[in-house]
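Asker: Following is a predicted model, sequence given first.
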Amino acid sequence: MKVAIIGCGYAGSAIARHLREKLGYMVTATTTSPERVPELEEIAQRVVVAKGDDEASLLSSVENQDAVLLSVSPIADQQVDADSYKETFLYTAKNLVTVLQQTKSVKQLIYTGSCAVYGDRNGEWVTEESPTVPGNQHGEILLDTEQVLLSANSQDLKVCLLRLGAIYGPGREIKQRFSRFAGTTRAGDGNNLTNWVHLEDIVSTVEFTLIQQLQGIYNLVNDVPLTTRELFDRMCEMYGLPPVEWDASQPRTRSNNRRVSNHKLKEAGYKLIHRDIVV
């Protein structure tokens, strides 16, 4: 199988390596940074410098491929403004859909999106059938991106959207990300729920999606939503760190309180590698 990966950041690079080394697929990797070409040549047979606003380079990336994975993210996962978000996600999706209409070889399009499209649900469970009510402009852009990609769905092109929880894994361990909060006081009560997915499950699910030719929308999170308080308590206990304190008199700064169900993906036959978060 020939697979083009548009966006080889943290998840995309891991997926490229797995598809090439473990499955023997022919992988085309793209990057917006020419300096990353030597690095990506170690994990993909072909590397293309392609930007989301350049239809010619996108077409070069996807022509003669069997499947395309769109796995873009802001540079270094930094928090960026809405215009940069549109450029990274929405405009890339629009141009990708345009170039896919010019090639008939691609039979499946997979997108690693985000559960952010659900917004704040006051701790309620959400499924793929739940209304999408993004809580900010970034979430609205992600939802618009989904809708653009779903518009390409046809008898000849299966579109699969994977809505990911917060990502952790090698190089992005929970301790590395949050140990700086140990011994501090945080705003709120810490009872907002978080939904996580390990990098290994992202890689494995993309493989599963390709093999099973999944179509439609699937949530990709582990089985156990944790409150921020529970997550920090686990981390501090595991590593002997001073506990995080909470000040309920101060409003929490983020509103993403929801329990995301992964039942649909498991009903399709996928078995999670990491059912619970590993701190």
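Answerer: The structure has been received and is ready for your questions. Numbering: from 1, shown residues only.
Asker: Which of the residues in stretch 34-48 are classified as buried?
Answerer: Within stretch 34-48, the residues that count as buried by 16 or more other CB atoms under 10 Å are 36, 40, 43-44, 47-48. Where C-beta positions appear, they are placed from N, C-alpha and C, glycine not excepted.
Asker: Please pull out the lowest mean pLDDT helix or strand from this structure.
Answerer: helix 82-85 (a mean of 88; mean pLDDT, DSSP states H and E).
Asker: Can I get it as PDB, trimmed to CA atoms?
Answerer: The C-alpha atoms that make up helix 82-85 are tabulated as PDB, following Å, rounded to 0.1, in the frame of the first residue of the first chain:
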ATOM      1  CA  ALA A  82      -7.000  32.000  14.800                       C
ATOM      2  CA  ASP A  83      -5.500  33.000  11.400                       C
ATOM      3  CA  SER A  84      -2.600  30.600  11.900                       C
ATOM      4  CA  TYR A  85      -5.000  27.900  12.900                       C
END
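Asker: residues of the next helix-or-strand element following that helix that come out buried?
Answerer: Next helix or strand after helix 82-85 toward the C-terminus (DSSP states H and E): helix 91-100. Buried residues in helix 91-100, counted by 16+ other CB under 10 Å: 91-97, 99-100.
Asker: same question, stretch 162-173
Answerer: For stretch 162-173, by 16+ other CB under 10 Å, it's 162-169.
Asker: cool, and stretch 245-259?
Answerer: In stretch 245-259, counting by 16+ other CB under 10 Å, buried: 246, 252, 256-259.
Asker: Now, the buried residues of stretch 162-173 that are in helices?
Answerer: Members of the buried residues of stretch 162-173 lying in helices (criterion: DSSP state H): none.
Asker: okay, among those, which ones form the most distant pair?
Answerer: 163 and 169 (17.6 Å; CB to CB).
Asker: ok, residue 164 touching residue 117?
Answerer: No. The pair residue 164 / residue 117 is not scored as a contact, 10.9 Å apart, by CB atoms under 8 Å.
Asker: name the element the spatially most distant residue from the centre of the chain belongs to?
Answerer: Most distant from the centre of the chain: residue 249, at 33.4 Å, with distances by CA atoms, centre = their mean. According to DSSP H and E, residue 249 maps onto no helix or strand at all.
Asker: how close does it sit to residue 188?
Answerer: 9 Å (CB to CB, to the nearest Å).
Asker: pLDDT of stretch 1-8, averaged?
Answerer: For stretch 1-8, the mean per-residue pLDDT is 97.
Asker: Contacts for that stretch next, please.
Answerer: Residues outside stretch 1-8 that contact it (CB atoms under 8 Å, 6 or more residues apart in numbering) are 12, 15-16, 19, 23, 25-31, 36, 40, 43-44, 50, 58, 61-62, 64-73, 92, 96, 210.
Asker: Can you flag the buried ones in those residues?
Answerer: Counted by 16+ other CB under 10 Å, these give 12, 15-16, 19, 25-31, 36, 40, 43-44, 50, 58, 61-62, 65, 67-73, 92, 96, 210 as buried.
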